[in-house]
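>>> quick one, structure for this:
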Amino acid sequence: MSLAIFDIDGTIVDSNAVDNQCFLETFAREFGIDAAGTDWSGYSHHTDRGLAHEFLRRAWSRDPEEVDIVRHQSAFMRLLRERANVLHEIAGAKKFIQLLRRARWTVALATGAWSESAALKLGLAGFPADLPLVCCDTYASREDIVRHAIGSQQPSNIVVFGDGWWDVRTARNLGLPFIGVASGSAAEGLRRAGATEVILDFSDAEMVLAAMQRARPPELD
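Numbers count the residues shown, from 1 in each chain. This next block holds a predicted model:
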């Protein structure tokens, strides 16, 4: 059995801009805390749950309660529904996932987003509703999310797709082959983080399949 694990935002759905805008603005609207320009690079867990928890902890000098996290989540979802009217796939992503499934690959989605947010964005971009999905509702760390996506399965081959340095870090920590999805300076950032394979999108299926054959766990120089 072979398993392909895809992040969602920026990897298969072009949703980073609206998602980030709504996520940051919610801190100001709901808590009166300006989050604009926040540098997330020093945060422990790059998930909606992990970032919200640590941001509020730094702002308040105490751990937030779960009710505070839920408060941010609910307000974020209200704002996201208002602004995310149409979302597009990363070019070729839907057809490529269909191709993998026809070729008997198991496909799973592992995202740092809330499940409600992930379902909204996937639906707006036209992805099928039956793709297995693991989110940050329970797990703050991306490593735990990916581990849960693998579950008790024992794949002979695993490839992880992601668009951020946090995805590279997760694959490196778990020792999993990784393919970055990005262009320009973002692609160079993934390579500097240790990604050996970076694609622009999924429009050239043969090229992506070849990259999957070459993919290996990220390494730092």
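
>>> pLDDT value on the nearest residue to Glu25 once chain neighbours are set aside, please?
With CB to CB, 6 or more residues apart in numbering as the criterion, Glu25 has its nearest non-adjacent residue at 6.4 Å, and that residue is Leu79. All C-beta spots, glycine's among them, are computed from the backbone N, C-alpha and C. Note on Leu79: pLDDT of 98.

>>> so Leu79, which state does it fall into?
At Leu79 the chain is in helix, as set by DSSP: H, G, I helix; E, B strand; the rest coil.

>>> burial measure for it, as a count.
Other residues near Leu79 come to 18 when the count uses other CB atoms under 10 Å.

>>> that one contacts Thr26, doesn't it?
Yes - in terms of CB atoms under 8 Å, Leu79 counts as a neighbour of Thr26; the distance is 6.0 Å.

>>> all helices of the chain, in order?
16-31, 48-60, 66-83, 93-102, 115-124, 142-150, 165-174, 184-193, 205-214 (DSSP state H).

>>> please parse this structure into its domains.
With domains defined by automatic domain parsing, the chain comprises 2-15+87-214, 17-83.

>>> output those as JSON lines; include the columns distance to Leu220.
Output for those, formatted as JSON lines (distance: least, CB to CB, whole Å):
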{"stretch": "domain 2-15+87-214", "distance to Leu220": "5"}
{"stretch": "domain 17-83", "distance to Leu220": "15"}
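
>>> most tightly packed of these?
Between the domains of the chain, domain 2-15+87-214 has the highest mean count of neighbours, a mean of 19, where neighbours are mean count of other CB atoms under 10 Å.

>>> quick check: mean pLDDT of that one?
Average pLDDT, domain 2-15+87-214: 97.

>>> most distant residue from the middle of this structure?
For the chain, the residue at maximal distance from the C-alpha centroid (CA atoms, centre = their mean) is Ser61, at 27.9 Å.

>>> residues contacting the residue lying closest to Ser41 once chain neighbours are set aside?
Residue nearest to Ser41 in three dimensions, not counting chain neighbours: Trp165, with 7.9 Å by CB to CB, 6+ apart. Contacts for Trp165 (CB atoms under 8 Å, 6 or more residues apart in numbering) come out as Ser41, Gly189, Leu190, Ala193.

>>> hang on, isn't Val107 packed against Phe6?
Yes - when contacts are counted by CB under 8 Å, Val107 is listed as touching Phe6 (7.0 Å).

>>> now do the shared contacts for the two.
Ile97.

>>> how far away is the residue nearest to Ser41 from Ala52?
19 Å (CB to CB, to the nearest Å).

>>> got it, and Thr170?
Applying CB to CB, the value for Thr170 to Ala52 is 19 Å.

>>> likewise His46?
11 Å.

>>> repeat that for Ala125.
24 Å.

>>> could you do Ala187 as well?
To Ala52, Ala187 is 28 Å away according to CB to CB.

>>> who touches Arg191 in this structure?
Taking CB under 8 Å, 6+ apart, one finds Gly180, Val198 in contact with Arg191.

>>> the one 4 residues further on now?
With contact set as CB under 8 Å, 6+ apart, Ala195 has these partners: Val168, Phe178, Ile179, Gly180, Pro218.

>>> the second one and Trp166 touch, don't they?
No - with contact defined as CB under 8 Å, Phe178 and Trp166 do not form a contacting pair (11.7 Å).

>>> Gln154 is in contact with Met1, isn't it?
Yes - counting by CB under 8 Å, Met1 is a contact partner of Gln154 at 7.4 Å.
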